[in-house]
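Novice: Take this sequence and fold it.
(one chain, ligands or ions: 1)
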Amino acid sequence: MSNNIKVVCRFRPQNSLEIREGGQPIINYDDNGQSVKVDSKEYPGTFTFDRVFPSDSKQKDVFDYSISTIVDDVINGYNGTVFAYGQTGSGKTFTMMGPSIDDENTKGIIPRIVDQIFASILASPSTMEYTVKVSYMEIYMEKIRDLLNPVNDNLPIHEEKNRGVYVKGLFEVYVSSISEIHEVMRRGGNSRMVAYTNMNSESSRSHSIFVVTISQKNLVDGSVKSGKLYLVDLAGSEKVGKTGASGQTLEEAKKINKSLSALGMVINALTDGKSTHIPYRDSKLTRILQESLGGNSRTTLIINCSPSSYNDAETVGTLRFGTRAKSIKNKAKINQELSAAELKILLKKVRAEGLTYTQYIAALEGEVGIWRQGGTVPKGDWASMEKIQAGGGTTPISSVPGYMTQQDTSRPSTPAIALELDEREEFLKRENELTDQIAEKEAELLAKQQMLDSMKEELTYLKEQDSSSAVFELNDLKLQLEKVSYENKEGAITVDSLREVNQELSKDLEELKKQLMEMRVAQKDLSDGDKEKKKMEKMAQMMADLDPSGEISAKEAQLRETLFKFESPSGLSAEETIAIRKEIAQQRSIIEQHEQTIADLNHENASLTIKRDGLEMRLTAAELEYEELLDKTIADEEANSSIDVLETISELRNKVEAQYSAKRDQAQQEIEQLKQEVARRNEDIQKLSINVTELKRGNEELKEQIERQSHHSSSGLWEGKDMTERERDMERIRKTMAQQLADFDVMKKALMRDLQNRCEKVVELEISLDETREQYNNVLRNSNNKAQQKKMAFLERNLEQLTLVQKQLVEQNSSLKKEVAISERKLVARNERIQSLESLLQDAQEKLTSQNHKFETQLQAVRERLEQARSQKSAANAMSLNFGRIAKPLRGGAPTVDNGSAPTDENYSPSSPTKGQLPDRRTSWLGGWRNGA
Ligand SMILES: Nc1ncnc2c1ncn2[C@@H]1O[C@H](COP(=O)(O)OP(=O)(O)OP(=O)(O)O)[C@@H](O)[C@H]1O
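Specialist: The predicted structure is shown next:
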């Protein structure tokens, strides 16, 4: 029997948001209670349903009209479905479950259904035995989650030939009382996914499905029926802009809208009359509701709407959905297993039917035989089923009430694919296997996702740590910046000091150049003439030293006078002559001594000359050595210019000065030796002068004697001697004397020449010594100058480089200064930012620490509770098994009814036994409270 889906429409009152947004009621209810007119400018329309419930409708009214019959159907073995559809916040949960399941007025459809189920069982005959089991699930983010065992959050959907579509592994609880079923509802309801949205403070983010399976056994004939009731509270369709969904809520909204649109597609396919394929498998929702839509189910759809103009588009959309769904046709059948008597009748009928078919086949074969033999059979004689049946055949077995063929017993499948039975079984088996695999893979995926999430968290944590390490780095950078600016300042100071040193050195260089120029000028002034003049002066001085008072010359004059006297006619006396002779002998010996002295002097002079030559050679060697040393040192210095220049220069200067001082000391010693030699020579000259003085004195004495002799001769010497002899003697003496005088003269001249030569040599030696000294000093100065010049050249090069570097540094410094100024400003800003961030961080860390602490304590508490729960779970499981796992048959409490049909609402009195409890029923099952009473 096909039956349409019952669609009722319920409007809730305008909510505060709609009023706040200026929404106006736009629904006009028809008096017949079935039509509504939407007074919307954009979406006007009139819609008709099985029933329309205005905003002020009571929960009881909705239940009584739309649901109570379904409960009876389920108890009678039909499948039933009630589902609420509508925009988010339109009152689906309010309608299905109600604000409180314990409140008699506000409790929703599901608690009322439960009440009615138990009331019906209570009212049924005692020959009927019932088991009631419930399960509660939600489809969240396109995954089936067991609300009674939320650990199972991705259960697969299976389909089997006899069971139809079912959720594999879903926890099913046997209940024997209303309180037990309420407990199950509460437990499941607490596990539901809800969230705050702009449209609803407790918006369901999942489709919830509460399933009640009622099995009944007729204890008289053994027949068994089972009905399954699906109570579905769909998640609300929503416009994310209105609900303000974001993040997880947005993701949920997307999934919700997707599965609702799949539901819409299924309804479209079922109602357009053209579709050969119904896309049940497009979503978990439509797959589970497969039997409720176009299948074996008595289905009621409650569409929940807002009456406000604020939601007119959504309301009209919902109303259109309801209108379409209204034309869906289901084929609800009783899920029944036949009793033995029924099966016997059925067998009898099957046999009769078999006979009929055999007769029909025989008639057909006879007719075919005639046709094959070329004969003809008139149309009126053609074999037909009707004729056979009219001739006493049985009616077809399919017409037996309650019988379902194998094909019929199977749940609605996708009609487009016509499969052989075996193929279909194979297909379903394979599909189930694949569904299991998908579920496993999804579980794996979820585990991976969780791992990914934890890794992401770790990454975020590490990033946060990185940001804190960035603060450290920033501090490091600040320190480095300070260090760089400090080094920069130091560099600038070094450059300034180098510049000062450079200026000083430049001044020194200028002075040295000046001195050099002066020296060169002075050297030029010391011309040959000056040198000669000096020599002459020295010679004159020396000669004056040798004959300071002109004694030798005087002596010479005296001698000449004496000789003149000899030559004169008066002549000299014999005594005078003897005395003169003696004197002359003495003078000769003195002259010999002088000659000896002069020879000694010559000898010394020669040794002095040799020494001077040696000194000059050593000086030259020293100069060469010095220059080599200097060149080498400067080359080394240039090579090691990276070393601190000033330090190296000062070291070099010290080294060179040390070498020079050693050389100077050596030269000084040699000069001292030379001076000593000169002193010795002066002493000799002094001695010579003394000798000359003695000679002078002797000459004086000789002169006196000659005078005395001349005086004696004038007083009468002539009387005692022979004049001729005397004349001869005198002549001889005169000649001798003349000869001696000539000899003396020659000797004197030679002596004087020799002396002069020697003096010249001495003077030359002295001058040479002076020159040497001067040269030495010059060399020293020049050496110093050269070294200094080289040093200066080196320093100048360094200075140039340094100046260049300094320029670059200055440029860099100025650009750095600019950058530093900018950076400083930025730094100040950043510092402020950092400070504020640090304080924020500090606060956040403190908060985090306290939260962490709280969280840890909470976690600890949760762990403890979890442990407790786990330990209790086994007990609880055992307990829930007590009322959930083990089937508790409930026997009907009403008088036995022959036809076994369910009691009507009229003969049910909910007040008869304790409401919602069936303790007595179990008693009746054990022995029957009615019978026992
Ligand atoms: N008929 C009604 N009378 C009074 N209040 C109602 C009615 N229907 C709904 N409400 C109120 O409107 C709000 C939203 O209702 P409900 O949660 O049932 O909406 P919903 O359709 O289930 O929303 P969602 O799809 O977001 O879960 C609730 O506060 C509920 O109490």
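Novice: Just the closest residue of the stretch 301-450 of the chain to the ligand, please.
Specialist: residue 304 (5.6 Å; Cβ to the nearest ligand atom). Where C-beta positions appear, they are placed from N, C-alpha and C, glycine not excepted.
Novice: so when I look at that residue, I'm seeing a helix, right?
Specialist: No: Residue 304 is assigned strand when assessed by DSSP: H, G, I helix; E, B strand; the rest coil, not a helix.
Novice: Spatially nearest residue to it, not counting backbone neighbours?
Specialist: Of all residues not flanking residue 304 in the chain, residue 86 sits nearest, at 3.3 Å (Cβ to Cβ, 6 or more residues apart in numbering).
Novice: what secondary structure does that neighbour sit in?
Specialist: strand.
Novice: Look at it and say how many residues are nearby.
Specialist: Residue 86: 28 surrounding residues under other Cβ atoms under 10 Å.
Novice: Is it correct that it is in contact with residue 301?
Specialist: No: using Cβ atoms under 8 Å, residue 86 is not in contact with residue 301, being 10.2 Å away.
Novice: Stretch 114-126: how far from the chain's middle?
Specialist: 69 Å (Cα atoms, centre = their mean, to the nearest Å).
Novice: can you pull the buried residues of that stretch?
Specialist: 114-126 (16 or more other Cβ atoms under 10 Å).
Novice: of all those, which comes closest to residue 430?
Specialist: Residue 430 has its nearest neighbour among these in residue 117, at 36.9 Å by Cβ to Cβ.
Novice: With adjacent residues omitted, what lies nearest to the closest one?
Specialist: residue 71 is the one closest to residue 117 (Cβ to Cβ, 6+ apart), at 6.0 Å.
Novice: Figure out the helix or strand that the one you found lives in.
Specialist: helix 68-75 (DSSP states H and E).
Novice: How confident was the prediction at the residue in the stretch 701-850 of the chain that the ligand sits nearest to?
Specialist: Nearest to the ligand, among the residues of the stretch 701-850 of the chain, is residue 847, at 32.8 Å (Cβ to the nearest ligand atom). Predicted confidence (pLDDT) for residue 847: 77.
Novice: Measure how buried it is and give me the count.
Specialist: So residue 847, with other Cβ under 10 Å, has 10 neighbours.
Novice: Over to residue 368?
Specialist: Using other Cβ under 10 Å, residue 368 has 12 neighbouring residues.
Novice: Now do the helix or strand hosting it, average pLDDT.
Specialist: If you go by DSSP H and E, residue 368 is part of helix 340-372. Across helix 340-372, the average pLDDT comes to 80.
Novice: Would you mind pulling up the elements that it packs against?
Specialist: helix 385-390 (3 or more Cβ pairs under 8 Å, 6 or more residues apart in numbering; DSSP states H and E).
Novice: Spit out the contact partners of the nearest residue to residue 111 once chain neighbours are set aside.
Specialist: Leaving out its chain neighbours, the residue that sits closest to residue 111 by Cβ to Cβ, 6+ apart is residue 101, at 4.3 Å. With contacts defined as Cβ atoms under 8 Å, 6 or more residues apart in numbering, residue 101 is in contact with 107, 108, 110, 111, 182, 185, 186.
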